[in-house]
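Asks: The sequence isn't on hand, but the structure is:
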């Protein structure tokens, strides 16, 4: 009887925990002003066109992924204001960011979005990390001092709630399940607010108590 009562109480706690999470977590399209791709919209076809070798090279996230042949990734990754300017403006407005705010971009690549943050919100404090040595070495010159090689699984260099906003655009979904869980916990720990783009992980959000904002986004 005691065991049964404990199970019922646990289920109630889990139920209300789920309600709490969804009250504070929002699905919001802060990528609405990111230009739509002209690539084939049939994702399954796009995936089938890539060989195992193509995917292996792409997942190294080095020169071939950013500036190599299109079959490995971007096929050339250079700054263009049309990509993140509108996105940053929407983030500024949604999160109330000012010159006193601090933003951390996880998977910052060459720092293009961070560059737009500095341009649109003069005085804002920015930092970025990326797993790619190539991306950091080839970061936009104005941003190089603010970025370094790092991994979202371990953000120990940052304090609890150090940043007003932590972003991770098309980054977390590259991790395996357990690493993804750890990444979400770290993002929540470091940021007062968080915005990530994901595939379809609402059940996973429950498991790790992620309460930040998110959006399903395919660039």
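Replies: That came through, no problem. Given the structure is predicted, the values throughout are model-derived calculations rather than measurements.

Asks: Now do the phi/psi pair for the one residue sitting closest to the centre of the chain.
Replies: By CA atoms, centre = their mean, the chain has its centre lying nearest to residue 168, at 1.3 Å. When read as degrees, to the nearest 10, the backbone of residue 168 gives phi -150, psi 100.

Asks: In the sheet, which residues pair with residue 130? Tell me.
Replies: For residue 130, the beta-bridge partners are residue 149 (DSSP bridges).

Asks: In three-state terms, label the nearest residue to residue 189 once chain neighbours are set aside for me.
Replies: Distances taken as CB to CB, 6 or more residues apart in numbering put residue 160 closest to residue 189, at 5.6 Å, once the chain neighbours are dropped. Using the backbone N, CA and C atoms, a C-beta is placed for each residue, glycine as well. Per DSSP: H, G, I helix; E, B strand; the rest coil, the secondary structure class of residue 160 is coil.

Asks: tally of neighbours for residue 160?
Replies: When neighbours are counted by other CB atoms under 10 Å, residue 160 registers 9.

Asks: what's the spacing between it and residue 106?
Replies: 16 Å (CB to CB, to the nearest Å).

Asks: Please apply the same query to residue 143.
Replies: 15 Å.

Asks: neighbour count winner among those two?
Replies: Neighbours were counted for residue 143 and for residue 106 using other CB under 10 Å; residue 106 has more, 26 against 23.

Asks: does the more buried one really touch residue 114, like I thought?
Replies: No. Using CB atoms under 8 Å, residue 106 is not in contact with residue 114, being 11.2 Å away.

Asks: Touching both of these two, which residues are there?
Replies: Residues touching both residue 106 and residue 114 (CB atoms under 8 Å, 6 or more residues apart in numbering) are residue 128.
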